[in-house]
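Q: Kindly return the folded structure for what I paste below:
(2 chains)
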Amino acid sequence: MSNSKNKECYFCANNMEVDYKDVRTLKKFVNFFMKVLPGSRTGVCAWHQRKLSKAVKRARVMSLLSATHK
Amino acid sequence: MSKTKKDPMGHYEVLFIVANKYTEQEAKKVVSNVKDIIESAEGKVTFEEFWGKKRLAYKIKNNEYGYYGLYEFDLERKNLPALNKSLRLNADVLRHQIVSVTPKTDEEIKKNEEIKAKIDSRKEEEVRKEEEKEDKLKKESKLNKEEKEEDKENKENNEEKEDKKEDKENNEEKEDKKEDKKEDKKEGKENLKDLDEKLEGILNADDLI
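A: Numbering: from 1, shown residues only, chains lettered A, B, ... in the order given. All right, here's what the predicted structure looks like:
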């Protein structure tokens, strides 16, 4: 997802909501160290980027995503 | 809708982890116990799901695996802290998280069902195609075997005759080839001679200089 040339936000384009249980899509917006990528790298619109960072944090609480790379 | 905070009713979703020390059937019982806890807090369960055993991203109380359960329910806002506390005090539940969500409308539920049905139908089609391919392959292999057997029988009958014929043809072909080669050589020599004559003619011509 690290393409800054993306014209449209991933979630707007696919008409989907950000869900903290959907780990597969969340992993696209996280780097090797499991840090949330900035909006300039992900190409996600600001409204969805806010939801995204929250979703990643919720997934970390429920042990769906790890907080570190190990 | 539950978006306005004046509305006493809220729509929530709880995801929780059950420890790995239970078997799957026991874990299901624990999950149903959580449903009772929600109902005892005057909540109405609208959606339930059991994810099964999953590997945790990190260890929780020395558990590497856990069973995930999911409930969606309507609850009065003032009852939420009590429910949260009772879940926190429950020893069987390793961890839980209550999140407020917007309730799904009937249209969305219908859409999701349609999408699921489409995915299922596609999977079925793929399975069918694979089966058909396998059947075809089996039939082809059978046909090939039969053909090979027939060929063998025919060959055995015809081999002796064909061998003699082939020998004759080969000899004739070899002779033809030899003649061709000789002719080629001759033609090449003639061509060389012509070229030489032309060259000499050009060289001897005085007009060039």
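
Q: can you list the residues of chain A near chain B?
A: Contact residues, chain A versus chain B (Cβ under 8 Å from any Cβ of the partner chain): A:20, A:21, A:58, A:60, A:61, A:62, A:63, A:64, A:65, A:66, A:67. No exception for glycine: its C-beta is placed from N, CA and C like everyone else's.

Q: which of those residues sit farthest apart?
A: Checking the residues of chain A next to chain B against each other with Cβ to Cβ, the farthest-apart pair comes out as A:21 and A:67, at 17.2 Å.

Q: what's the longest helix in chain A?
A: The helix spanning the most residues in chain A, taking DSSP state H as the definition, is helix A:46-61.

Q: ok, now which ones touch residue A:33?
A: Residues near residue A:33 by Cβ atoms under 8 Å, 6 or more residues apart in numbering or on different chains: A:68, A:69.

Q: In terms of helices and strands, where is residue B:95?
A: Residue B:95 belongs to strand B:93-100 when assigned by DSSP states H and E.

Q: What strands flank that strand, and is each parallel or antiparallel?
A: Here strand B:93-100 is paired, per DSSP bridges, with strand B:9-18 (antiparallel).

Q: mean confidence score for the helix or strand encompassing residue A:40?
A: Of the helices and strands defined by DSSP H and E, residue A:40 is found in helix A:39-42. For helix A:39-42, mean pLDDT is 86.

Q: how about it as PDB, C-alpha atoms only?
A: The C-alpha coordinates for helix A:39-42 follow below in PDB (Å, rounded to 0.1, in the frame of the first residue of the first chain):
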ATOM      1  CA  GLY A  39      -1.200   8.900   5.600                       C
ATOM      2  CA  SER A  40       1.200  10.300   3.000                       C
ATOM      3  CA  ARG A  41       2.600   6.700   2.500                       C
ATOM      4  CA  THR A  42      -0.700   4.900   2.700                       C
END
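
Q: got the buried residues for it?
A: Neighbour-count burial for helix A:39-42 flags A:39, A:42 (criterion: 16 or more other Cβ atoms under 10 Å in any protein chain shown).
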